[in-house]
Every structure is written in structure tokens, then in C-alpha cells.
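Engineer: Turn this into a model:
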Amino acid sequence: MIFKTPRLAAMMAVALSLFISACAQDSTAPKDSLVIALETGPTLLDPRLSTDATAAKIEGLIFNGLVKRNDDFSFAPDLAERWETPAPARYVFHLRHGVKFHDGSLFTSKDVKAEYDFIMNPASKSFLRASLEIVESVETPDDYTVIFNLKKPDAPFLDTMTLYITPASAKDGFAENPVGTGPFRFIEYKRDESLTLARNENYFEGSPKIGALKFRIMPDETVRTLSLESGEVHMIMNPITPDLLPRFTKNQNLNVIVSPGSNYSYLGFNMEDKLTGNIAVRRAIAHAIDKEGVIKHILKGLAKPATGPFAPMMKWSESCVARYDYDPAKAMKILDEAGYKDPDGDGPQTRFTLKYSTSQNELRKRIAEVFQWQLAKVGIGLDIRSYEWGAFYADIKKGAFQIFSLTWVGITDPDILYYMFHSSSLPPAGANRGRYVNKSLDDILSRGKTTFGEDRPAIYSEAQKIIADDLPYVSLWHPDNVAVATKRLKNFSLSPDEGIKSLKTAWIEAN
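Structural biologist: Below is the predicted model of the structure:
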């Protein structure tokens with residue numbers, strides 16, 4: 001939530017009674033427990049079905065995949081101690097021995113096969129099914145070997161092996177009591193209140209030093225801030241209003257943790273709409289938005305301008321693409337030439353008005369108001385509609401919008417462009433929510449799936465140039481990841497994708 005200093009003080013005073021009540025209801029946590037405040041709770045904790053960013057963070061503590069991504073986006077062993085590719089369309093994974101699920105059952109190849117059989121079954125309605133259509137069969141010749149036979153070579157296949165593994169016994173209702181192999185085990189989820197994990201004493205990489213993690217669901221940032229400053233909460237993280245960071249920096253009991261992020265914020269357009277489907281309108285909007293001004297004044301420098309989905313830290317990032325510098329005069333000229341004349345010059349009348357959909361997050365609403373002001377200067381009206389997260393996201397998935405703003409979280413492989421923009425990736429099969437269709441791009445992204453090694457970056461360079469020209473998205477920025485934590489928390493860092501897996505090796509220093 002965004003506050004200027006006087007407003008912040010007033011809001012905090014109003015929220016104080018709520019805060020005291022919330023604190024009174026919280027039982028005393030063990031000394032080696034860490035309490036983390038979240039804006040929203042996970043929708044469900046089942047990696048086969050969940051899609052939200054909060055679930056992804058917490059699932060990363062409960063589960064493991066066959067392989068994992070390092071912070072430099074390279075692959076490393078996880079539940080598989082090694083793998084090999086004896087043929088271009090055949091992957092053989094050799095599993096760790098002696099790994100146990102939190103319920104005491106032994107992890108074997110049967111669990112892996114059950115997981116992927118579940119996802120590939122259309123009746124399961126897993127959003128991951130499309131990425132596994134390349135799989136011809138899954139073999140388990142023994143308890144510690146899994147063989148994936150593909151229909152053809154698939155460059156992004158290894159990335160799908162980062163999927164978190166659930167036990168073969170997982171049935172309906174698994175999300176209410178998830179069982180994994182990860183460093184922390186699930187204890188309890190009181191929806192909209194709190195979620196508790198305890199350390200897995202038998203974790204195969206060594207038991208975590210933190211005894212328990214308690215995630216408290218606090219939608220109001222004022223309450224989160226007061227709870228952190230009082231010590232009732234030990235950490236808060238994205239989203240944090242940048243205006244609050246100086247306050248936290250001055251607090252001798254807190255550390256402000258900032259790291260570059262790979263997430264990607266953008267404006268999306270409905271390509272089937274008569275206005276936003278017009279390239280001239282999209283280009284005018286791109287030139288009318290002063291994203292660097294937003295980064296400087298609203299985000300307080302905690303983001304990097306984006307020219308496409310891949311952050312500069314990623315080897316796939318292509319910087320030589322069409323750019324849309326802030327240029328209101330150029331935006332107005334584009335609109336004039338496209339036949340969208342301004343009826344009264346500098347007067348209040350608009351050329352047309354667009355519906356802008358966003359969530360009820362206060363920072364997003366404030367940014368929407370800035371965009372509204374900037375677009376008004378070129379004669380475009382913006383009707384801001386903010387919705388509760390579930391309703392907002394449902395509208396986006398079904399295409400009920402003209403313009404929306406979202407952030408992609410967890411970008412690790414360039415094949416994400418297929419999921420975002422290929423014409424076969426319309427919801428629910430994928431995330432081409434704007435209904436963008438470009439045959440040339442389809443062909444390039446399809447080639448990318450079967451292109452390996454040094455030839456692969458060139459494929460995605462070409463794809464990024466087409467996307468920048470066509471503007472199904474206006475690229476905004478790559479936000480920095482931010483957390484504020486008690487100085488007693490040691491050895492903690494945020495992953496580029498906002499992940500908090502480092503909690504498995506972090507510890508809490510005694511008072």
C-alpha cells in the first residue's frame with residue numbers, strides 16, 4: 001500500500017486496534033520459529049494443480065522435483081542424483097536412495113510415474129498437461145530408475161522435470177494435507193488466517209536449523225508493518241510499498257534485503273478488441289507511458305526497465321528489439337494518423353476510453369492512476385476497474401478485458417514464450433490470454449522446442465523481436481525482490497524468482 005508519511009501515520013493509528021487484537025490471538029511460537037506475514041494465502045497446495053505465486057513459494061519448502069534450478073538458472077540434481085540422455089528423445093533419471101516422504105513412506109520411481117500419469121490424464125485438468133504432451137511413455141524398470149520416452153526431441157523438457165513430486169498415494173483432498181519430501185512438512189492451514197510448517201528432521205540434505213515456519217495471512221500492509229516492527233512477525237516480502245523502505249532501513253532491528261529479480265511486469269491487451277487489437281493504439285500507449293518515471297518516483301528505483309520478458313541477467317535476453325521511449329507527441333501523431341482524432345485538442349474530451357483491469361493491491365492501483373494521468377495527456381481515457389484477486393484473475397483467463405496489468409513470476413526457460421504467445425496456448429491450454437495470433441511467431445516458437453545448444457538463443461532472439469514489433473504486451477519492468485526481516489535471521493536470500501528456498505539453510509540467532 002502506498003502512503004505519504006502523514007497518511008501512513010494516520011492509517012497506522014486506525015489499524016492499531018486491529019493489530020492488537022490479531023497479536024492477542026497468536027499463541028507464543030517456539031524460539032526457533034520464524035513468523036512470516038503474507039498478503040494472501042495460497043489457493044491450494046498441490047503442485048500438480050496450483051497456479052498462484054504464493055503457493056509456488058510455499059510448495060518450494062514442502063516438495064522437491066527430480067531436478068532443480070540454481071539461481072543462475074542452471075540445472076542441478078534434486079530427487080534424481082543424476083540423469084542421462086542415451087537418445088535425443090529418451091531421458092533416464094537415477095533416483096536418490098533412502099528419501100522419505102513426510103508420512104514416512106519411501107520415495108520411489110512409482111511416485112514419479114504416478115505424478116506424471118496424473119498430469120497427463122485429461123480428467124485431472126492440470127494446467128501442466130500441455131507441457132507434457134511431448135511424452136510418449138514413462139517407464140519404471142526398478143524402484144530407482146525412471147525413463148521418459150518422448151515423441152520427439154524437446155529442448156525445454158528438462159525444465160518440466162523441476163515439477164515437485166507428490167506421493168503415489170495422493171488422492172482427492174491432497175491439497176488439504178500435502179505430503180512432500182522437502183525440508184519442511186505441512187502442519188496446518190487455517191484459510192485466510194495462517195499456515196504452519198515444521199522442519200523435516202529426516203530431510204535428505206540435512207535437517208533445517210529453523211524449527212517451524214508460520215505464515216500469517218495479513219491483507220493490510222499497515223498491519224503487516226506494525227506486526228514486523230513490534231516483533232510479532234519476523235519477515236515480510238513482496239509486495240512491499242517502496243515508500244516504506246526508508247522507515248525500515250532506519251530500524252536497527254531490521255534488515256532490508258534487495259536482490260535483482262527475473263519477474264516481468266507488463267501491460268496485456270485483448271487482441272480481439274477493435275481498439276486494443278489495433279497496433280496503432282498499442283504503439284501509442286507504449287509511447288505515452290513513462291515507465292522510467294514510474295520506476296524512479298513510485299517504485300523508488302527498485303526495478304529495471306524491461307524490453308521483453310527476459311531480465312538482463314538471463315542469457316536469453318535480447319536487448320536489440322523495438323523500443324518505445326516516452327514520447328507523448330509521437331503517441332498523439334500515431335493516433336491522429338490512425339484516424340483517432342482528438343476532438344478538442346488540449347481539452348478534456350478523449351479520443352476513446354479503455355477499460356483497465358487490475359487487482360485491489362494498493363501499489364497496482366496507484367500505478368494504474370499514474371497510467372491514467374499519462375494517457376489522458378495524449379487523449380486516451382482510462383476507466384480503472386480494480387477487483388478482488390480471484391475475480392480479476394478469472395476475468396483475465398477468460399478474456400474479459402481490454403487492458404490489464406500483471407507480473408509473470410518464475411520465468412526460467414525461453415520456452416515460456418510458447419506458453420505466453422503461441423496460438424495453440426489460448427486458455428485453458430496455455431496463457432495466451434490476449435488471444436494473440438502470429439503464424440511466423442508460431443513457427444519460430446515451435447522450432448525452439450526442437451533446437452538445442454548454441455543454436456537455441458538465435459531462435460528466441462528472433463521471437464523477441466517479433467513480439468516487440470507486434471506489442472501483444474507493453475513491457476514495463478523487472479521488479480527487484482524485496483524482503484524485510486529481523487536481523488536475527490541469518491543466511492537468508494531471495495531467489496531471482498522470489499523463491500524462499502534458502503530458509504532450509506537459514507537460522508535464527510538467539511537474542
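
Engineer: May I ask you to confirm that Tyr164 is in contact with Glu59?
Structural biologist: Yes. At 5.6 Å, Tyr164 and Glu59 qualify as touching, with contact defined as C-beta atoms under 8 Å. (Each C-beta comes from the backbone N, C-alpha and C, glycine too.)

Engineer: Now the common contact residues for the two.
Structural biologist: 47, 180 (C-beta atoms under 8 Å, 6 or more residues apart in numbering).

Engineer: If you count surrounding residues, which of these two has more?
Structural biologist: Between Tyr164 and Glu59, Tyr164 has the larger neighbour count (other C-beta atoms under 10 Å), namely 24 against 20.

Engineer: which residues does the more buried one bridge with?
Structural biologist: Beta-bridge partners of Tyr164, counted by DSSP bridges, are Gly65.

Engineer: So for this structure, the centremost residue is which one?
Structural biologist: Val409 (2.0 Å; C-alpha atoms, centre = their mean).

Engineer: so who does the residue of the chain positioned farthest from its centre touch?
Structural biologist: No residue in the chain sits farther from the centre than Asp344, which is 42.3 Å out by C-alpha atoms, centre = their mean. For Asp344, the contact set (C-beta under 8 Å, 6+ apart) is empty.

Engineer: Mind checking what secondary structure it has?
Structural biologist: Three-state assignment for Asp344 (DSSP: H, G, I helix; E, B strand; the rest coil): coil.

Engineer: Going along the chain, name the helices of the stretch 401-511 of the chain.
Structural biologist: For the stretch 401-511 of the chain, applying DSSP state H, counting those that start in this stretch gives helices covering 416-421, 439-448, 456-470.

Engineer: What is the shortest one packed up against?
Structural biologist: Read it as helix 416-421. helix 439-448, helix 456-470 (3 or more C-beta pairs under 8 Å, 6 or more residues apart in numbering; DSSP states H and E).

Engineer: The last one now?
Structural biologist: Judged by 3+ C-beta pairs under 8 Å, 6+ apart, the packing partners of helix 456-470 are helix 416-421, helix 439-448.

Engineer: what's in contact with the shortest one?
Structural biologist: What that stands for is helix 416-421. Contacts for helix 416-421 (C-beta under 8 Å, 6+ apart): 130-131, 309, 408, 425, 430-432, 436, 438, 441, 445-446, 448-449, 460, 463-464, 467, 472.

Engineer: Which members of the residues you listed are classed as buried?
Structural biologist: Buried by 16 or more other C-beta atoms under 10 Å: 130-131, 309, 408, 425, 430-432, 436, 438, 441, 445, 448-449, 460, 463-464, 467, 472, out of those.

Engineer: could you pull out the helices for the stretch 251-400 of the chain?
Structural biologist: With helices called from DSSP H, counting those that start in this stretch, the stretch 251-400 of the chain shows them at 279-288, 291-297, 328-337, 362-376, 389-398.

Engineer: before we move on, back to that, save the helices and strands packed on helix 416-421 as JSON lines, and put in mean pLDDT and distance to Trp83 too.
Structural biologist: Formatted as JSON lines, the helices and strands packed on helix 416-421 follow (pLDDT from 0 to 100; distance: least, C-beta to C-beta, whole Å):
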{"stretch": "helix 439-448", "mean pLDDT": "96", "distance to Trp83": "22"}
{"stretch": "helix 456-470", "mean pLDDT": "96", "distance to Trp83": "19"}
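
Engineer: mind giving me the domain ranges of this structure?
Structural biologist: 5-59+182-259+481-508, 64-174, 264-479 (automatic domain parsing).

Engineer: any low-confidence regions in the chain?
Structural biologist: Scanning the chain for pLDDT under 70 picks out the ranges 1-31.
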